[in-house]
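J.: Whatever this is, show me its structure:
(2 chains)
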Amino acid sequence: MEKLFGIPMSDLAIWLSSLMGIILAGGFVLGLRNRVLVKLALRNLPRRKAQTVLIILGLMLGTTIIMAALAIGDSINKGIRLQVLYSLGETDIRLTSPVFSRFGNNYISDDMLDKVRSHLKDDDRVDGILPLIRENMPVISERTNRTISRAAVVGIALDSLNGFGNGLIQAEDGEELIDITALQDGLTIINRPMANELDVGIGDRITLVSTLGRSEHEIINIAKPVGLIAGTESIRSSALFNVGTLKRILDRQGYRMIEISVKGDYVVEGVTHSEDISKAVANTLKVALVNDDAADTLFRVLKTKEVFEALKSEVSKREADSQRQDNENELSDFLAELGKEMPSDRFIILSTDTATTAVIMGLAEEVEDPVVVQSLLLAVSELVELNVDPIKNRSLEFATLISSAIVVFFTIFGSFSIIVGLLLIFLVFVMLAASRTTEMGIARAIGMKRRHLVQMFTYEGLVYSLGASVVGTGFGLLASMLLIQMMIRAFADSDEVTFFFSVTPRSVVVAFSAGFVLTALTVGVSAFRVSKLNIVVAIRGLSQEFVSEEIPSSWKRTKTVLKWVLGPFTFGYDTWRIWRSGQGIFLRILALLSLFLVVPWIVTLAWKVFKLVQPWLASGWLLLPVGVVLTLGGFDPEKGIEGFAYDNAAMVTIGATVAIISLGLILRRFIAYLGYGEEFQKRVSMTFIGISLLTFFGLPFDALDGLTGELEGGPELFILGGVSLVAAAVWIVMHNADVLVWIVSKTIGRWGSLRPVIKMAIAYPMSARLRTGLTLAMFSLVIFTMMIFAILTNLGDVVGDNPDMASGGFDIRGTIKAELPIDDPWAVIESRGKSLSVSDFEVITAQARLPVEVRQDDAGSPVYKRARIRASDEAWITNNRYQLTHWDPLYGSTSTEIWALLAADPKLAIVGAEVIGATDNFGPQPEGNSVFRIEGIKPGERGEIGGVDITMRPPIGQGLQGALVKRKVIGVLDQFADSLENPGTDIYMHYSVLGDLSDKPVPFVEYKFRLTDPLRAGEITRLLETTFIENGMRAHSINEVIAENRAQGDAFNQLFQGFMGLGLLVGVAALGVVAFRAVVERRQSVGMLRAIGYKARMVQLQLLMESGFVAVLGSLLGVGLGTLIAWNIFKSISKESPGMTFSVPASNIIVIILITLMFSLLNTLLPAWQASKITPSEALRYE
Amino acid sequence: MFNIFLYTAHFTSCLSQLIITGKMSNEISLIAAAENVFKTYNTGKISVQALNGINLNIMRGEMVAIMGPSGCGKTTLLNCMSGLDSVDSGDVSIAGQVLRTMSDDSLSEYRAKYMGFVFQFYNLLPVLSALENVELPLILAGASQKEATERAKEKLSLVGLGDRFEHLPAELSGGQQQRVSIARSLANDPAIVWADEPTGNLDSANALEIMDLLKRLNQAHGQTFVLVTHSDEVGKLADRVVQMSDGVIIGDGKRISNRRLS
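T.: Residues are numbered from 1 along each chain as shown, chains lettered A, B, ... in the order given. Predicted coordinates:
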């Protein structure tokens, strides 16, 4: 984890720990000056041990959640990183041929290898250059009769192993080493996964299947699947050969790739790596392996006025788009490089970057001069002699990206829990203050100052915060460990990722100090509140625990401000006088040093100015213009006032909130003016504010787009919106609680023996509204978050519920190697199938793939962009059951009719959902604007469309040059159709197109099977792999893939639900804390109730009902508001990706709520039981 | 079998009600009795013999003051006799019903219906208004809301708080709070009202007012009061003064006093 919300973690760690240091140091210095106060404050800790423990447990939950989120991120990061390091071993950079295999020789010649070697000969950063062949091939064990349709077969040059373990690889136990230089012709070393899959051991023989036939090899050792023999992410079985052996078997010259190992400055799992050296060497190679003539041509063409201007406008367009930050700097650099006389190294490095290439290719079409375009495209296609891929850096970056995304996801949802945790801290301190009211009132009465109370409270709070951070960090680690264990178990069967529990010290520092700082700040706010204590009110124990200060007159407030404004002048004058007066040097230095008090002066002055305007702010009218200005400032420039519209959703949200509050305050004034009582004023104005905010935050996300324009907003807005929504609802409830009380007492309050219990169970929460409101808010917020998550995960299950949508009604999907095509699958099954017969299959279909460049004929800019043709045989077209979301009514009104026409007319085409931009919002977005999109079809508006004419051509060097093929698109596929295969920008059409675009035969590589008995899919999948072993067929049961995806999704959801459960713990803990406090506070009342005839179980029931009241109300609010926001999210997603259905997973939610209620009641049970055990005489004895 | 218990319980309940309200016979006038009662408090380190063989009979309509120096066991005696606390040995009976044999629940019900309590610190529920505080024992005894409100208003008017129904305890003076507490103790027309230092927290004027009220209720309504006090002024108003010292009764004298405080 490198960044959190865009802030580098190292910076976070430094900032937060410094802040913690400042707070602690401040407390320490103040404490030294007032040791008595420290003593008074801290004596509470050992005296009330149970309370101290309870408070620390209450305070720690925020820290726990932060720690858990970070530790989960670290673990996932480590898991993926280790996977990368295991599979890449010593390889840092990989060089491959730029030639597309189907259209030329993609092997690197010996001359090119020599060139690379000579470039790096004297480079002491490089410690190894290894040419090798890496192919996926079918492997068979004749003895065990087992097959692997595709294994990663690696041939290495035995004389080039320096830097790559120097000829040694790890044996399967990871301890011993195997000497691979013994790999002579006819011998092989295989890895453990292959040994398992084929059920073979040392001394057995394996057979490789190639275009030239079969060849046998003896296994001389079995190795651990790391480094050279790690396999790939999807193909774990791997075998190592002498490169000469593979050259012979494959009848190839040269090498498939050259791998380079650089010297590293850190070692992970025995592998050295250095990001900087890797990058530097890769750049050296990029410069060395560029085609100088092509680079010159490119430089020259890009410098022509026309192209340069187009590039410039593209760069400024991208700069305006804030989401493209990463790429933008490189493009600006690129532009700057073009200003030079000659193509520099930097120019070459940048122009070989894939992102830059994509931009250049996109530009080419906008330039109208065909000669320029042709030379540009040619230059780009011939630019490099070898592709230089800093593969380890890239993979590790990707690992970091994934884990950061997961942590951000966790932190966004976790924020709600953290906020709940902070509310709990506040609540704990409110109650602590309440329990000490009398004590503090007396302390004030005998001469203690307000600031002494604040200090005492703060000292005590700081100790709690420190304790809570320690315990919270520990619990967070424990919780994440348990959750990761859950993940490990869920992914135990998967070969792809292995998770480890891992946490970096930096994360611990961040969680610890963030927890401490947040807790300490909340303590500060609570302490400030304590200072508002009114002595008389406190001593007499009146109902208002705290009363508001009397507001000084405007003149008095203005005088205070003036005094503070002028303060420094008198102060400066005094200092000057002391300095001049020739007093002792100590006093003079002190006077001078005191001038540094300027910062506290500014802060105090600002505070005094705020206090000056506060009463006017509170009356509302001053806030209204502030709110309106903020709102307008956030508008989209197109809709707002020119020059004063910053396209910021947060500004609009905050502005509108301020405006609504000010309107409420003005309304209150108005009602007061009409002569209504205070109760009425408060109720009407506060309800107005609550309902308005609830409406504002509950509106669909795009409801106000017509007014404000589409606004930019980040995840913080989601948190702000959620919290405000819940706060508004709680606000309304608490200001109209008497209505609820009336309803309850008129309904269940009528039941005889329950009546006194219900009366008391309502009276107490209603008399402590702040406390009840806080608890209610916490509870609602927790249920709200869980609710949103439960509904959203339910949305994602569309494929699981309708497998046909994704499978198209096929049971098995098989892919083969293009070099080993199948002539007629039916015939192969008939002749070769031992356990298979043609009657097992209802349908067998075939498809080929071909990359093309496409443009939409009637679009504004007729630019060719990348896409992929899925050329299908008639069987596929007529037998698939994929659904269309859009269709041209001229060709039919159902999906079946449209498919039938496609089979009959090769001039028609259907596009995948991605072509109209209907992709999953949460997934990675397709790269840049070089990918083909049809304009004019909106994903959200399903139904009839007009046919769209497109023109296709092969990419440079990959087909019949100059060929142009036209098609008419008459339908769009549902986004889930075919979604299990590697998705792309697909255009489906009749296979006859292949001949028009390619000068070489394009074989079918993808087969789909519909079985007569779908239940046998698992068994037939294995039989198909054996039957088509000569073609290297890899087959999957589609339903199994769906189930696996679902299981992994569920595992992640479970992990997340577990994490959210931590938040729930906070809510439940809050109820427990409130109940415990209630018992302590109400000892006497309970005694009195018992004296006048309350039974023990009535006392118990009353406390349980109090918690139940808050829990049920909180659950109702949470469920309602959560559903509302989930619906809004759904509406917003489904606009982009139709096909999702909204449903509330009722059983899931009932379980969540029941568990919550159960735990909160269980949590109250102990205090309630304690309360019921109070003997009346004992309780009444003490005042 | 179960029915037999039910009937017995019902019968006992009816019987005790008859006894307490005096409908059975005027001759039975013993309302509360303590017989050889012992009570020791163990604080862990030391044990305090709070009651040391107490024998005491309270008659219907009496106003009894239990007096003595601090720590002599007055409050303990009141707690034990009212069933707020248990005894170590000996028996306490109210209207012939022995408290030791009753379960916690039936004791609670018993208190709700037949006893009233007044405490030194009033012990009103701070979250309920004056009216609601008085209503509570009525609701507990099973009265309907309407009935409870009516009776509570009546009792509050009786103690002179007819204009303070909706006030919260914190909004009333000490004397007024104690009046609410007296109204609450009378809510169910109990057979006996136990008052623990009812004037202990009040100034002399308020104390006299409260005592006057209690005396009036005793004389006009025949309400039995047992007061714990160390105030001679209060003691003088009682029909009978029980003197205690170190957990034993050292004097029990009847006083004929018709003096009324105004």
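
J.: CA atoms for contacts and neighbours, from now on please.
T.: Will do.

J.: Distance check, residue A:726 against chain B.
T.: Taking Cα to the nearest Cα, to the nearest Å as the measure, residue A:726 falls 27 Å from chain B.

J.: Test my guess that residue A:60 contacts residue A:469.
T.: Yes - counting by Cα atoms under 8 Å, residue A:469 is a contact partner of residue A:60 at 5.9 Å.

J.: intersection of neighbour lists for those two?
T.: Taking Cα atoms under 8 Å, 6 or more residues apart in numbering or on different chains as the contact rule, residue A:60 and residue A:469 both touch residue A:515.

J.: From residue B:122, how far off is the residue in the stretch 151-262 of chain B that chain A sits nearest to?
T.: In the stretch 151-262 of chain B, the residue that lies nearest chain A is residue B:170 (5.2 Å; Cα to the nearest Cα). The span separating residue B:170 from residue B:122 equals 11 Å under the rule Cα to Cα, to the nearest Å.

J.: Now do residue A:239, the pLDDT please.
T.: Residue A:239 carries a pLDDT score of 94 in this model.

J.: tell me the secondary structure for it?
T.: In three-state terms, and counting by DSSP: H, G, I helix; E, B strand; the rest coil, residue A:239 is strand.

J.: Leaving out sequence neighbours, find the closest residue to residue 77.
T.: Went with chain A since none was named. Nearest residue to residue A:77 in three dimensions, chain neighbours excluded: residue A:403, at 5.1 Å (Cα to Cα, 6 or more residues apart in numbering or on different chains).

J.: not quite, I wanted chain B
T.: The spatially closest residue to residue B:77, leaving aside those adjacent along the chain, is residue B:51, at 7.0 Å (Cα to Cα, 6+ apart).

J.: Residue B:60 too?
T.: Excluding the flanking residues, the one nearest residue B:60 by Cα to Cα, 6+ apart is residue B:29, at 5.1 Å.

J.: does that neighbour really touch residue B:94, like I thought?
T.: No - assessed by Cα under 8 Å, residue B:29 is found out of contact with residue B:94, at 11.2 Å.

J.: So those two - more neighbours on which side?
T.: Comparing residue B:29 with residue B:94 by other Cα atoms under 10 Å in any protein chain shown, the one with more neighbours is residue B:94, at 25 against 16.

J.: Just list whatever residues bridge to that one.
T.: residue B:32, residue B:97 (DSSP bridges).

J.: That one: what's it in contact with?
T.: With Cα under 8 Å, 6+ apart as the criterion, the residues that contact residue B:94 are B:31, B:32, B:33.

J.: how about the helices in the stretch 351-500 of chain A?
T.: Taking DSSP state H, counting those that start in this stretch, the helices of the stretch 351-500 of chain A run over residues A:354-364, A:370-381, A:391-435, A:437-445, A:450-490.

J.: do the stretch 1-150 of chain B as well
T.: For the stretch 1-150 of chain B, the helices defined by DSSP H, counting those that start in this stretch occupy B:2-20, B:74-82, B:104-114, B:130-140, B:145-158.

J.: between the last one and helix B:130-140, how many degrees?
T.: When you say that, I think you mean helix B:145-158. Between helix B:145-158 and helix B:130-140, the angle comes out at 130 degrees (axes from the mean of the first three to the mean of the last three Cα atoms, to 10 degrees).

J.: So residue A:1111 is in contact with residue A:1155, correct?
T.: No - because the distance of 11.3 Å does not satisfy Cα under 8 Å, residue A:1111 is recorded as not touching residue A:1155.

J.: When the two are compared, which one has more neighbours?
T.: Higher neighbour count among residue A:1111 and residue A:1155: residue A:1111, with 27 against 13, using other Cα under 10 Å.

J.: and that one, that's in a helix?
T.: Yes - when three-state DSSP is applied, residue A:1111 is found to be in a helix.

J.: Let's see the pLDDT reported for it.
T.: Model confidence at residue A:1111, given as pLDDT, is 84.

J.: show me what contacts it?
T.: Taking Cα under 8 Å, 6+ apart as the criterion, residue A:1111 is in contact with A:776, A:779, A:1157, A:1160.

J.: How about the first one: what's its closest non-neighbour residue?
T.: Taking Cα to Cα, 6+ apart as the measure, residue A:776 lies nearest to residue A:1114, with 5.3 Å between them; neighbours along the chain are not counted.

J.: before we move on, the earlier item: which of residue B:170 and residue B:122 has more neighbours?
T.: Set side by side, residue B:170 and residue B:122 show more neighbours around residue B:122, with 24 against 19, by other Cα under 10 Å.

J.: Would you mind confirming that that one is in contact with residue B:176?
T.: No - between residue B:122 and residue B:176 there is no contact under Cα under 8 Å: 9.7 Å.

J.: What residues does chain B have near chain A?
T.: For chain B, the residues found near chain A under the criterion Cα under 8 Å from any Cα of the partner chain are B:79, B:84-85, B:104-105, B:107-113, B:115-117, B:121, B:123-128, B:136-137, B:139-140, B:142, B:170-171.

J.: Might you list the low-confidence residue ranges for the stretch 51-200 of chain B?
T.: For the stretch 51-200 of chain B, no stretch is flagged by pLDDT under 70.

J.: Tell me how many other residues crowd residue A:616.
T.: Residue A:616 has 13 neighbouring residues, counting by other Cα under 10 Å.

J.: you'd agree it is in a helix?
T.: Yes - checked against three-state DSSP, residue A:616 lies within a helix.

J.: Now it: closest residue in space, sequence neighbours ignored.
T.: The spatially closest residue to residue A:616, leaving aside those adjacent along the chain, is residue A:622, at 6.3 Å (Cα to Cα, 6+ apart).

J.: count of neighbours near the one you found?
T.: By the measure other Cα under 10 Å, the count of residues near residue A:622 is 17.

J.: That one touches residue A:614, doesn't it?
T.: No - using Cα under 8 Å as the test, residue A:622 is too far from residue A:614 to be in contact (9.6 Å).

J.: Next one: the nearest residue to residue A:884 once chain neighbours are set aside from chain B, what distance?
T.: In space, residue A:884 comes closest to residue A:973 once its chain neighbours are excluded; the distance is 4.4 Å by Cα to Cα, 6+ apart. Taking Cα to the nearest Cα as the measure, residue A:973 and chain B are separated by 65 Å.

J.: Residue A:1105 contacts residue A:761, doesn't it?
T.: Yes - under the criterion of Cα under 8 Å, residue A:1105 is in contact with residue A:761, at a separation of 6.0 Å.

J.: if we can go back for a sec, ok, of the contacts of residue A:1111, which come out buried?
T.: When the contacts of residue A:1111 are checked for burial by 16 or more other Cα atoms under 10 Å in any protein chain shown, the buried set is A:776, A:779, A:1157, A:1160.

J.: Closest one to residue A:517 out of these, please.
T.: Residue A:517 has its nearest neighbour among these in residue A:779, at 23.7 Å by Cα to Cα.

J.: Which strands and helices lie in contact with the helix or strand hosting residue A:521?
T.: With elements delineated by DSSP states H and E, residue A:521 resides in helix A:505-530, which encompasses its position. Helices and strands touching helix A:505-530, as assessed by 3 or more Cα pairs under 8 Å, 6 or more residues apart in numbering or on different chains; DSSP states H and E, comprise helix A:9-33, helix A:49-88, helix A:391-435, helix A:450-490.
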